[in-house]
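Peer 1: Take a look and give me a structure for this.
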Amino acid sequence: VQLQASGGGLVQTGGSLRLSCTASGRTCSSHAMGWFRQAPGKEREFVVVISGSGYSSYYADSVKGRFTISRDNAKSTVYLQMNSLKPEDTAVYFCAQYPNNYYSDYLTVDYWGKGTQVTVSS
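Peer 2: Numbering: from 1, shown residues only. As a prediction, the model looks like this:
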């Protein structure tokens, strides 16, 4: 399984970015997908997860109402639309794929992507 993330960059406070993650190696729709992030000097933290069907999702409180996850299983791609970005959103964002199509345990990930840097300037 390979997860290729893209879309990171530098943006000002209040701006928007859209991250993409394309999966290969197994049937994308059979697996929940998610995003984690890791800021300098901090542990990796959960951001959001979406079920294999795309009908269910779960967000960390810190991003709820500002970030939106979606997926296009025909393209094996998951998107993270990030709006109203804050300096504290600055981190390397990692795409993740879960063992099953639902996320009963949203911290247990099967595979990780390499990460894409998001920097929000104040």
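Peer 1: which stretches of this protein have low pLDDT?
Peer 2: Of all residues in the chain, none has pLDDT under 70.
Peer 1: Nearest residue to the middle of it?
Peer 2: residue 35 (2.4 Å; Cα atoms, centre = their mean).
Peer 1: State whether that one is indeed within a strand.
Peer 2: Yes: counting by DSSP: H, G, I helix; E, B strand; the rest coil, residue 35 is found in a strand.
Peer 1: who touches it in this structure?
Peer 2: 19, 21, 47, 48, 49, 69, 78, 80, 93, 94, 95, 96 (Cβ atoms under 8 Å, 6 or more residues apart in numbering). Placement of C-beta: from N, CA and C, glycine included.
Peer 1: can you rerun that using 10 Å?
Peer 2: By Cβ atoms under 10 Å, 6 or more residues apart in numbering, the contact list for residue 35 reads 5, 19, 21, 46-50, 59-60, 63, 67, 69, 78-80, 82, 93-96, 113, 116.
Peer 1: What of residue 45?
Peer 2: With Cβ under 10 Å, 6+ apart, residue 45 has these contacts: 36, 37, 38, 39, 60, 62, 91, 107.
Peer 1: mind redoing it with 7 Å?
Peer 2: 36, 37 (Cβ atoms under 7 Å, 6 or more residues apart in numbering).
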